[in-house]
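Chemist: Below is the sequence, then the predicted model.
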Amino acid sequence: MSKDSTNLLDSSPIGKKEFFALLRKILGFRPINKRLYELAFIHKSASIKLPDGSFVNNERLEFLGDAILDAVISDYLFKIYDNEDEGFLTKIRSKIVNRDNLNNLAEKVGIDKLLISNVNQNHLGRNLYGNALEALIGAIYLDRGYWRTKNYLIRRVIKRNLNLEELEQTEIDFKSQIIEWAQKNRKEVRFSSSDTFDQENKQLHFSVDLFIDDKPFGSGDGHSKKEAEQHASEKALHKIEELSR
């Protein structure tokens, strides 16, 4: 990371003092490398140009935070569900790190108040919040290490904002459901995807069509192929329910 003196918070909707006051409230501890945390909240649409001509945003921290999040959640679930098999643990972890759930957690934590973005507010994808939460996790890891990151995630994010018992009863993996239904009913499921670059919002947009035995059953859109597939699968399941009535 560059050590230049560029102010990364110039585009922030709040002042630097308020930014770090809110950040410390979110974290529960004082950050050491403040620049890491500034960077964690800069969406690529608001990328900062450095004196050397390069641009910085939170994507690299998001990549790191995504991996750390999976490790922490896997560790946590392995210990609290000591009698459950790998399939159960995988399903619960998927529900926790599901994009919609991460977006909700990010808003509950207060990520939305710190995010710096030039995305049109009328088209602001809530995924930006979940992505920023992952970037924050990456920043904490680099600043304070794995154990501080784990304590923050479990104590201040998961335990305060997530009911695991309710989550166990929630079915959100629509793609797995449609594939399971197709297998049981000897049907063939096929996904056809395409992507376009949204110049206004500076991000990829994915579209997916779902076919069952080559007949269209649902379409979906999203900021990732996985999200679009989930939306298409959900619509297909609704159509199947309607046809079976």
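Modeler: Right, received. Where do you want to start?

Chemist: from what I can see residue 150 touches residue 75, true?
Modeler: Yes - assessed by Cβ atoms under 8 Å, residue 150 is found in contact with residue 75 at 7.1 Å. Where you see a C-beta, it was placed from the backbone N, CA and C, and this is true even at glycine.

Chemist: The two: which is more packed in?
Modeler: Taking other Cβ atoms under 10 Å, residue 150 and residue 75 do not tie; residue 150 has more neighbours (19 against 13).

Chemist: Name all residues that make contact with the nearest residue to residue 217 once chain neighbours are set aside.
Modeler: The shortest distance from residue 217 to any non-neighbouring residue, by Cβ to Cβ, 6 or more residues apart in numbering, is to residue 236 (4.0 Å). By Cβ atoms under 8 Å, 6 or more residues apart in numbering, the contact set of residue 236 is 178, 210, 212, 217, 218.

Chemist: Let's see that with 10 Å instead.
Modeler: 174-175, 177-178, 181-182, 189, 209-212, 216-220 (Cβ atoms under 10 Å, 6 or more residues apart in numbering).

Chemist: Generate a ChimeraX selection restricted to the buried subset of these.
Modeler: Buried members of the contacts of residue 236, defined by 16 or more other Cβ atoms under 10 Å, are picked up in ChimeraX with:
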select :174,175,177,178,181,182,189,209,210,211,212,217,218,220
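
Chemist: just curious, which of the contacts of residue 236 is nearest to residue 118?
Modeler: residue 220 (25.8 Å; Cβ to Cβ).

Chemist: So that closest one, which state does it fall into?
Modeler: Following DSSP: H, G, I helix; E, B strand; the rest coil, the label given to residue 220 is strand.

Chemist: Make 192 the first number, not 1, from now on.
Modeler: Happy to do that; since the first residue is 192 now, the last one works out to residue 411.

Chemist: Residue 239 versus the residue lying closest to it once chain neighbours are set aside, what's the distance?
Modeler: Of all residues not flanking residue 411 in the chain, residue 422 sits nearest, at 2.8 Å (Cβ to Cβ, 6+ apart). For residue 422, the distance to residue 239 (Cβ to Cβ, to the nearest Å) stands at 32 Å.

Chemist: tell me which residues in the helix or strand encompassing residue 342 are buried?
Modeler: Taking DSSP states H and E as the criterion, residue 342 maps to helix 337-342. Burial within helix 337-342, assessed by neighbour count using 16+ other Cβ under 10 Å, is assigned to 340, 341.

Chemist: tell me what it is packed against?
Modeler: helix 250-271, helix 318-335 (3 or more Cβ pairs under 10 Å, 6 or more residues apart in numbering; DSSP states H and E).

Chemist: Follow the chain on from the longest one and name the next helix or strand.
Modeler: Spelled out, it's helix 250-271. Downstream of helix 250-271, the first helix or strand assigned by DSSP H and E is helix 277-288.
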